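# my questions are about this predicted structure, shown below with the sequence.
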Amino acid sequence: MFVMGNFIIAVAKVIGLLLNLAWWLILARALISWVSPDPFNPIVQFLHRVTEPMLEPIRRFLPHSVVDISPIIAWLIISFLQWFLVPTLIQFGMQFQ
């Protein structure tokens, strides 16, 4: 059963890394949006392609306003998952060891 525990712990750590990466990508997109970036820049296009699937569903639930707060909502969701889901999976995996 220790193999299953190690697997669950490894999955939790990978999820934590992916959530951390998503947090930084959303931050980069938010910062770049303040400076009116060139839409044809490959970095801007990459950030848009990677973060839009995370931000677009949040925007559907928010009322239209002048300021886009979807990155803030996404950060809150990511933070919740990092603080709740990842430690819960790690503790669950440790029960198998």
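Received the coordinates, thanks.
# top helix in this structure by residue count?
Ranked by residue count under DSSP state H, the longest helix found in the chain is helix 2-33.
# I'd like the mean pLDDT over that helix, please.
The average pLDDT within helix 2-33 is 96.
# give me the next element, helix or strand, following that helix.
helix 42-61 (DSSP states H and E).
# hey, what's the angle from that next one to helix 2-33? Just curious.
Relative orientation of helix 42-61 versus helix 2-33 (axes from the mean of the first three to the mean of the last three CA atoms, to 10 degrees): 100 degrees.
# tell me how far the longest helix of the chain lies from the chain's centre.
Relative to the mean C-alpha coordinate of its chain, helix 2-33 is positioned 7 Å out (CA atoms, centre = their mean, to the nearest Å).
# the closest residue in space to residue 58 that isn't next to it in sequence and residue 5, how far apart?
Among residues not flanking residue 58 along the chain, residue 70 sits closest, at 4.3 Å (CB to CB, 6 or more residues apart in numbering). Using the backbone N, CA and C atoms, a C-beta is placed for each residue, glycine as well. Look at residue 70 and residue 5: by CB to CB, to the nearest Å, they are 37 Å apart.
# again, but for residue 92
Residue 92 is 8 Å from residue 5, by CB to CB.
# what's the answer for residue 35, then?
Counting by CB to CB, the gap from residue 35 to residue 5 is 47 Å.
# the two: who's more crowded?
The neighbour comparison of residue 35 against residue 5 (other CB atoms under 10 Å) goes to residue 5, with 16 against 7.
# that one against residue 95, yeah?
Yes: Residue 5 is within contact range of residue 95, at 7.0 Å (criterion: CB atoms under 8 Å).
# for the residue nearest to residue 58, report the pLDDT, please.
With respect to pLDDT, residue 70 scores 93.
# surely it touches residue 63?
No: with contact defined as CB under 8 Å, residue 70 does not reach residue 63; the gap is 11.6 Å.
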